[in-house]
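Novice: structure, please.
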Amino acid sequence: MEAILDRYNSTSLDEVKVWFEAAKISDFPIDGGACVKYKDKQIAVFNFTRTNKWYACQNVCPHKMEMVLSRGMIGDDKGTPKVACPLHKKTFSLENGENLNGDIAPIATYPVKVEGDTVFIGFAE
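Specialist: Take a look at the predicted model:
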């Protein structure tokens, strides 16, 4: 379990060295998520249409180590965009990965940019 979590370190915009071409905008559901693979990582990418923002985070929920966050419900917690694990309802900030329930580890988050009709995710490696 520890090894899976160690691979997911958040990347800030300042640390981005690689912009990975994830998919076209049309490949993502409106106000929902989809999973893409980058090297050995599964990344959940969210099209938060109602706020006109995009977010990316690890796909594995640290609660039960299930690859399900891309299928989670997105919403808002006092102004903080969040995703809720579809299996266990644990919620995480899409901005910084913080566990909003306060009872388990945070998740990794990644910068997202959109150029034309293409979505890119930023990585430090």
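Novice: what's the neighbour count on residue 112?
Specialist: Neighbour count of residue 112, defined by other C-beta atoms under 10 Å: 22. Placement of C-beta: from N, CA and C, glycine included.
Novice: any idea how far residue 53 lies from residue 64?
Specialist: To residue 64, residue 53 is 28 Å away according to C-beta to C-beta, to the nearest Å.
Novice: before we move on, what about residue 114?
Specialist: Applying C-beta to C-beta to residue 114 and residue 64 gives a distance of 32 Å.
Novice: cool, and residue 110?
Specialist: Distance of residue 110 to residue 64, given as C-beta to C-beta: 22 Å.
Novice: please point out which parts of stretch 11-25 sit buried.
Specialist: 11, 16, 20, 22 (16 or more other C-beta atoms under 10 Å).
Novice: tell me the mean pLDDT over it?
Specialist: The pLDDT scores in stretch 11-25 average 91.
Novice: just the endpoints, please. Distance across stretch 21-28?
Specialist: This stretch, stretch 21-28, spans 13 Å end to end (C-alpha to C-alpha, to the nearest Å).
Novice: what's the distance between it and the middle of its chain?
Specialist: Here stretch 21-28 is found 14 Å from its chain centre; the criterion is C-alpha atoms, centre = their mean, to the nearest Å.
Novice: ok, residues contacting it?
Specialist: Stretch 21-28 has contacts (C-beta atoms under 8 Å, 6 or more residues apart in numbering) with 34, 36, 38, 43, 45-47, 56, 114, 117-121.
Novice: adding neighbour count, distance to residue 73 and pLDDT, write the residues you listed out as CSV.
Specialist: Formatted as CSV, the contacts of stretch 21-28 follow (neighbours: other C-beta atoms under 10 Å; distance: C-beta to C-beta, whole Å; pLDDT from 0 to 100):
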residue, neighbour count, distance to residue 73, pLDDT
34, 18, 14, 97
36, 20, 19, 98
38, 16, 23, 96
43, 26, 18, 97
45, 23, 15, 98
46, 24, 10, 97
47, 23, 13, 96
56, 27, 17, 97
114, 14, 22, 97
117, 10, 26, 96
118, 14, 26, 98
119, 24, 20, 98
120, 18, 25, 98
121, 25, 21, 97
